[in-house]
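Chemist: Just the structure for this:
(4 chains)
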2 protein chains.
Amino acid sequence: MRNAEFDREQVLRGAMAAFMHKGYTKTSMQDLTQATGLHPGSIYCAFTNKRGLLIAAIEQYQQDRNLQFNHLFASGNNVLANLKSYLDGIVVECLSCDSGQACLLTKALNEIAEQDDEIQGIINQNLQSWQRALSEQFEAAQQYKKFEGERNSEQRAHYLMMGIYGLRTFAHTHPQAETLQQLADQLFIEVCR
Amino acid sequence: MRNAEFDREQVLRGAMAAFMHKGYTKTSMQDLTQATGLHPGSIYCAFTNKRGLLIAAIEQYQQDRNLQFNHLFASGNNVLANLKSYLDGIVVECLSCDSGQACLLTKALNEIAEQDDEIQGIINQNLQSWQRALSEQFEAAQQYKKFEGERNSEQRAHYLMMGIYGLRTFAHTHPQAETLQQLADQLFIEVCR
DNA sequence: CTCATTCTTGAATGTACGTTCAAGATATTA
DNA sequence: TAATATCTTGAACGTACATTCAAGAATGAG
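Modeler: Next up, the predicted model:
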C-alpha cells in the first residue's frame, strides 16, 4: 500500500563505500545510517541486519562490477587491448585512494575469512564468476594471438587474479603511479606470454 | 625489586596468533588474555593498550621473520635455489591454513590502512626492510645468473612482493596445493627472467 | 625475619555498539 | 474523505567490550 522511499541502489552504494573505507567490523551502525541516509529501523526492516546489509552491498557491488566489466569487453575484437585497459583502470583505481578504494570482495575476504561461512561462500562464488569471465577473455584472445606459454586460459586467469590482488595490497605501501604502472605492465606481459 | 613472571616472546607469539586468526578489531581482550595467558591488568601494565600489544606483536613478528629469512639465505651461494625454497615455503604456509596463517603485516595493513597512521608507518617500515632484503638477494643472484629482462633488483623485489601478497589472498579461495604451487612456480620463473 | 617495592589478579566501570519497538507519518484504496 | 496498510523515526535496551584499580601475592634488600 506504500512503497519504500529510499533508492535501494543508492543506499547500497553508500553502504559499500562505508564498508570499503573502514572494513566490516569497524563500520558502526551510526556510520551506516550516515552513509545510507537511512535510520536504524529502516535498515533492519530492509536488510535484517548489519550483516544482511553487507551481503546486499556485496551483491550490488558484484552487479556494478559485472556491468562495468561487460561494457569494457563488449567490443568483440581487440581482446588483449581491452585487458590492458582493464589493468590500467585498476592502477588508476588504486591511486585514487582518497577513501580506501579497495575491492569490496577481497577486503571482506581478508576480514571475514574463516569466520562466517555463508559470506565466505558468497564471496567465493562472486570471485569464481569473475575468474570465469577472465578465462573467457583469454579463450577469446587465442583467436588473435597465439600464446607462447603452454598454460590454459584458466591458469592465465588465476595468475592475473593473483597479480591484481597483489597489486591492490602493494598499492597500500607504494601509492606511486610509475611503480604501480610498471608492475601492471609487467603483469600484462607475463600473463599474455 | 621483582621481575615479570611471563615470557615476553611467548606472550607476543600468542597475541600474534590471535590477531592473525581474527584480525585486530575482532580480537577481544578476552581472546587475548586466553591467547597470552596474561590477565587484563598485566597486559595493560606491560603494553599500555590492546593497540600497544598489536604493535609489540608486529615487532616480534618482524624479528621472527627476519631470523627465518636470514637463516634460509645464509648459505652464500645458490641464491636462486634459496629464493625458490622461500616461495615454496610460502605455499606450504598458505596451505596449512588451520588457523588463518596469513602474514600479520599484510593482514594488519589491509585492516588498519588509512585508519591509524602510526601503525601504518610501522608496517610500511617493516615491509620496506623486507623489500630491501629481497633486493639484496636479487643483486647477489646476478653473480650466478645473467637475467634476460632489463629490470633492476628493486623492480624484481617489487614484483615478487606483489606476487606473494596476491598468492596469500588467492589461497583463501583456492586452497589447493597444485594450483598454488603452479602459481608460485610461474611467479618464480617470471621474477627471474 | 621484616620491610619495601613491584607484579598479579579479576571484579567493577563506563562506554559504544547492534538491535528493537511503539508511536508517528505517509500513501494507497474504496 | 475515511480507513487501512505500510513505511519511517529515533529513543531506549541489553550486551559486549576495552580499560581501570584496589587488594593481594611474590620477590629481593637490609
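Chemist: Poorly predicted segments of chain A, please.
Modeler: A:1, A:4-5, A:76-77, A:97-101 (pLDDT under 70).
Chemist: For it, which residues are neighbours of DNA strand C?
Modeler: A:1-3, A:27-30, A:40-41, A:44, A:49-51 (CB under 7 Å from any atom of the strand). (Each C-beta comes from the backbone N, C-alpha and C, glycine too.)
Chemist: A:Leu95: neighbouring residues, count only.
Modeler: If you count neighbours by other CB atoms under 10 Å in any protein chain shown, A:Leu95 ends up with 15.
Chemist: residues contacting it?
Modeler: A:Leu95 is in contact with A:Ala171, A:Pro175, A:Ala177, A:Leu180, counting by CB atoms under 8 Å, 6 or more residues apart in numbering or on different chains.
Chemist: which among those end up buried?
Modeler: When those are checked for burial by 16 or more other CB atoms under 10 Å in any protein chain shown, the buried set is A:Ala171, A:Leu180.
Chemist: Now for the contacts of A:Leu95: which two are most distant?
Modeler: A:Ala171 and A:Ala177 (10.3 Å; CB to CB).
Chemist: residue in chain A nearest to chain B?
Modeler: When scored by CB to the nearest CB, chain A has A:Gly166 as its residue closest to chain B, at 2.9 Å.
Chemist: what about that residue, helix or strand, and which?
Modeler: helix A:153-173 (DSSP states H and E).
Chemist: right, is whichever helix or strand comes after that helix up against chain B?
Modeler: Counting by DSSP H and E, the next helix or strand C-terminal to helix A:153-173 is helix A:177-191. Yes. Interface with chain B: helix A:177-191 contributes A:Thr179, A:Gln182, A:Leu183, A:Gln186, A:Leu187, A:Glu190 (CB under 8 Å from any CB of the partner chain).
Chemist: residues touching the residue nearest to the first one when sequence neighbours are not counted, list them.
Modeler: On the basis of CB to CB, 6 or more residues apart in numbering or on different chains, the spatially nearest residue to A:Thr179 that is not a chain neighbour turns out to be B:His158, at 6.6 Å. Under the criterion of CB under 8 Å, 6+ apart, the contact partners of B:His158 comprise A:Phe170, A:His174, A:Thr179, A:Gln182, A:Leu183, B:Gln131.
Chemist: what domains does the record give for chain A?
Modeler: A:1-72, A:76-193 (automatic domain parsing).
Chemist: Mind putting these into CSV with distance to B:Leu12?
Modeler: What follows is those, written out as CSV (distance: least, CB to CB, whole Å):
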stretch, distance to B:Leu12
domain A:1-72, 23
domain A:76-193, 22
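Chemist: got the buried residues for stretch A:44-61?
Modeler: Neighbour-count burial for stretch A:44-61 flags A:Ala46, A:Phe47, A:Lys50, A:Leu53, A:Leu54, A:Ile55, A:Ala56, A:Ala57, A:Ile58, A:Gln60, A:Tyr61 (criterion: 16+ other CB under 10 Å).
Chemist: repeat for stretch A:71-91
Modeler: Across stretch A:71-91, burial judged by 16+ other CB under 10 Å covers A:Phe73, A:Val79, A:Leu80, A:Asn82, A:Leu83, A:Lys84, A:Tyr86, A:Leu87, A:Ile90, A:Val91.
Chemist: same question, stretch A:138-157
Modeler: By 16+ other CB under 10 Å, the buried positions in stretch A:138-157 come out as A:Phe138, A:Ala140, A:Ala141, A:Arg151, A:Ser153, A:Gln155, A:Arg156, A:Ala157.
Chemist: Not counting its neighbours along the chain, what's nearest the second one?
Modeler: Spatial nearest neighbour of A:Ala140, chain neighbours left out: A:Val79 (5.0 Å); criterion: CB to CB, 6+ apart.
Chemist: check contacts around the one you found.
Modeler: So A:Val79 contacts A:Phe73, A:Gln137, A:Ala140, A:Ala141, A:Tyr144 (CB under 8 Å, 6+ apart).
Chemist: quick one, phi psi at the first one?
Modeler: Backbone torsions for A:Phe73, taken as degrees, to the nearest 10, come to phi -100, psi 10.
Chemist: residues contacting it?
Modeler: By CB under 8 Å, 6+ apart, the contact set of A:Phe73 is A:Val79, A:Asn82, A:Tyr86, A:Ala133, A:Gln137.
Chemist: which element is the residue nearest to A:Asp116 when sequence neighbours are not counted on?
Modeler: Spatial nearest neighbour of A:Asp116, chain neighbours left out: A:Arg51 (7.7 Å); criterion: CB to CB, 6+ apart. Per DSSP H and E, A:Arg51 falls inside helix A:50-72.
Chemist: ok so, going back, which members of the buried residues of stretch A:71-91 are the farthest-apart pair?
Modeler: Applying CB to CB across the buried residues of stretch A:71-91, the maximum distance is between A:Val79 and A:Val91, 19.3 Å.
Chemist: Which of the contacts of A:Phe73 fall in helices?
Modeler: For these, membership in helices holds for A:Val79, A:Asn82, A:Tyr86, A:Ala133, A:Gln137, with DSSP state H as the criterion.
Chemist: Closest one of those residues to DNA strand C?
Modeler: Lowest distance from DNA strand C to these (CB to the nearest atom of the strand) belongs to A:Ala133, with 32.7 Å.
Chemist: ok, A:Ala171 touching A:Cys94?
Modeler: Yes. Here A:Ala171 reaches A:Cys94: they are 3.7 Å apart, a contact under CB atoms under 8 Å.
Chemist: how far does the helix holding A:Gly166 sit from the chain's center?
Modeler: The chain centre lies 12 Å from the centre of helix A:153-173; the measure is CA atoms, centre = their mean, to the nearest Å.
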